[in-house]
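J.: Sequence first, predicted coordinates after that:
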Amino acid sequence: MLLSQIQQQRLDLTASRRDWLETTGVYDRGWNTFLSMRSWLLVGSSLMAVRTVRHPNMLLRWAKRGFAAWSTWRLVQSTIKQQRLR
């Protein structure tokens, strides 16, 4: 009886593992994609660092543009949420 209970618990764990892997599969693929791009990100950030040293105003300009784009995106999202609530 104890052996059959242990066997049932093993089967339950296997089923739970399969469900867990299906649920987190999207995140795992995204993480693996990020890890495969890590070397390219390193090269890109190095090039950006060299370019920033040579042209410091360019970094500030792109930082302002990025902040403006982010602020615009948040404004659009909040407007859409407000329209849904009405």
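T.: Cool, the structure landed. Numbering: from 1, shown residues only.

J.: all contacts plus neighbour counts: C-alpha atoms, from now on.
T.: Fine.

J.: For the residue positioned nearest the centre of the chain, give its distance to Leu21.
T.: Centroid-nearest residue in the chain, with CA atoms, centre = their mean: Gly30, separated by 6.7 Å. According to CA to CA, to the nearest Å, Gly30 stands 14 Å off from Leu21.

J.: Met48 now?
T.: 37 Å.

J.: Around Ile6, how many other residues sit close by?
T.: Using other CA atoms under 10 Å, Ile6 has 11 other residues around it.

J.: which element is it on?
T.: For Ile6, the host element (DSSP states H and E) is helix 2-54.

J.: next SSE after that helix?
T.: Per DSSP H and E, the first helix or strand lying C-terminal to helix 2-54 is helix 56-85.

J.: so how far is stretch 55-64 from its chain's centroid?
T.: 25 Å (CA atoms, centre = their mean, to the nearest Å).

J.: no, scratch that, I was asking about stretch 72-84
T.: Stretch 72-84 has its C-alpha centroid displaced from the chain centroid by 22 Å (CA atoms, centre = their mean).

J.: tell me which residues in that stretch are buried?
T.: Within stretch 72-84, no residue is scored as buried using 16 or more other CA atoms under 10 Å.

J.: what about dumping the CA coordinates of that stretch to PDB?
T.: The C-alpha trace of stretch 72-84 is given here as PDB (Å, rounded to 0.1, in the frame of the first residue of the first chain):
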ATOM      1  CA  THR A  72       3.900  59.500 -24.500                       C
ATOM      2  CA  TRP A  73       3.400  55.800 -24.200                       C
ATOM      3  CA  ARG A  74       2.300  56.100 -20.600                       C
ATOM      4  CA  LEU A  75      -0.100  59.000 -21.500                       C
ATOM      5  CA  VAL A  76      -1.600  56.900 -24.300                       C
ATOM      6  CA  GLN A  77      -2.100  53.900 -21.900                       C
ATOM      7  CA  SER A  78      -3.700  56.000 -19.200                       C
ATOM      8  CA  THR A  79      -6.000  57.600 -21.800                       C
ATOM      9  CA  ILE A  80      -7.100  54.200 -23.100                       C
ATOM     10  CA  LYS A  81      -7.700  53.000 -19.600                       C
ATOM     11  CA  GLN A  82      -9.800  56.100 -18.800                       C
ATOM     12  CA  GLN A  83     -11.900  55.600 -22.000                       C
ATOM     13  CA  ARG A  84     -12.600  51.900 -21.000                       C
END
